[in-house]
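>>> Have a look at this prediction, sequence included:
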Amino acid sequence: MTSFNWNNIFLNNYGTPTIELVEGEGVVVKDSQGNIYLDFLSGIAVNALGHAHPAVIDAVSKQIRKLSHTSNFYANEPAINLAEKLIAISNLDAKVFFCNSGAEANEAAIKLSRRTGKKSLIAANNSFHGRTMGSLSITGQLAKQKPFKPLLSDVQFIDINSKSGVRKIKRKTAAVFLESIQGEGGVTPCTNEFLKAVRAKTIKTKSLLVMDEVQTGLGRTGQWFGYENAGITPDVVTLAKALGGGLPMGAILVTGDAKELFEPGQHGSTFGGNPVVASAALATIDVIEKENLLENSLNMGELLIKLINQIEGVTEVRGRGLLLGVELTELAAKDVELECRKMGLLLNAVNEKTLRLAPALIVNIEQVKRCSEIIDDAIKNVKKSGSNS
Ligand code: PLP
């Protein structure tokens, strides 16, 4: 570890990291002690092409030599091309706004919904939409909200996959925010039936349906966007994480009448649509297309589900494509996470009983098999050490 005292220089909002990563290639990363890991977390569902992908390095290097930043007073070619590309791959008749993170994308969608003239928002229990005051207001986790109250007042939380939840959507509802698979909430998917029912109801009540695809977007679930699995068309899609190919970028895609809700001066971002990040995003989408990574995401996901379901101590594997939650029967997920790390596998305990896997979309069969073996061994080791103590 580089010699520094974390707690002397960083605010106390994160835990203290016990390893420092120094370099990576593809799905493999190395720490400052020379230990090698299979990275099945990808910077929390960010590095879609893994680490140090040549296409991203090339695009970023070329662009930063040419033009690194413009502000939104001036257009730039990578941002224009990226907006067109997102419209094309989403198949939506959409317009785009660029920002820098998932929270900002949801913040933009909240502000956009205010422009409908309505104020009430609906989001899901256990959801996660970000840490800014607006996105935190629609995050259905009391522990995260409590220290920062009062938040936005007119927000109601519903259970996903419930009929009573759909009934709570009313004419006064400006927007409904949903993740197709709740990532931070434990990798819990919305059923297709639920998403279809919400879509039908929001059309009736003229409420915006905002699909937060920050974690599920850009191929993670085997489609460009997770909501496509339900065959619905949202009004707004929020994106970040994988979008920038490892660099910070967020976006919202807005369809229908909602496209005209913002007027000049009502929203903005200095770095939004930055040409270097946009060129990284374009390169990432290009590789996902050329190398059929949507298919790889689905296939490798299915293999992971099959292999991990055979492990003793696993009750369930949830999710789709390469966003999977492994529910453990009795052990603390944190203990298994740490044991996996000792054995050279990075993943994370997303809650007390669930491990989250989100490897790069380029992951291969050998790496998937190795991941499954390590989880198996880690569970056995944790069990053994528990029974010894
Ligand atoms: N929305 C979802 C579904 C997320 O998973 C996250 C982050 O985990 C966010 C929003 C917030 O994104 P960011 O951390 O980039 O602000």
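Yep, it's here.
>>> And for the residue in the chain positioned nearest to the ligand, the neighbour number?
Nearest residue of the chain to the ligand: G102, at 2.3 Å (CB to the nearest ligand atom). Using the backbone N, CA and C atoms, a C-beta is placed for each residue, glycine as well. As a burial measure, G102 scores 27 neighbours (other CB atoms under 10 Å).
>>> now swap in the one 10 residues further on and tell me
When neighbours are defined as other CB under 10 Å, L112 has 24 of them.
>>> Repeat that for M133.
14.
>>> L324 is in what secondary structure piece?
Per DSSP states H and E: L324 is located in strand 323-328.
>>> surely S68 meets S279?
No: look at S68 against S279 with CB atoms under 8 Å: they stay out of range, at 10.4 Å.
>>> Tell me which of those two has more neighbours.
S279 (29 against 12).
>>> wait, does the helix or strand where that one lies contact the ligand?
Assigned by DSSP H and E, S279 falls within helix 275-290. No: on the criterion CB under 6 Å from any ligand atom, helix 275-290 is out of touch with the ligand, staying 13.1 Å away.
>>> tell me which residues in that helix are buried?
Using 16 or more other CB atoms under 10 Å as the test for burial, helix 275-290 gives 275-285, 287-288.
>>> ok, P359 - contacts?
Listed by CB atoms under 8 Å, 6 or more residues apart in numbering, the contact partners of P359 are 27, 38-42, 300, 322, 367-368, 371.
>>> Show me which residues of the longest helix anywhere in the chain are buried.
Criterion DSSP state H: the longest helix present in the chain is helix 365-388. Buried residues in helix 365-388, counted by 16+ other CB under 10 Å: 367-368, 370-372, 374-376, 378-379, 381-383.
>>> How about stretch 167-184?
Neighbour-count burial for stretch 167-184 flags 168-169, 173-184 (criterion: 16+ other CB under 10 Å).
>>> ok, of those, which one's closest to E107?
Among the buried residues of stretch 167-184, F177 lies closest to E107 (CB to CB), at 11.4 Å.
>>> is the ligand contacted by the helix or strand containing that closest one?
Assigned by DSSP H and E, F177 belongs to strand 173-178. No: judged by CB under 6 Å from any ligand atom, strand 173-178 makes no contact with the ligand; its nearest approach is 9.1 Å.
>>> who does that strand touch, helix- and strand-wise?
Identification of packing neighbours for strand 173-178 by 3 or more CB pairs under 8 Å, 6 or more residues apart in numbering; DSSP states H and E yields helix 102-114, strand 120-124, helix 192-205, strand 208-212.
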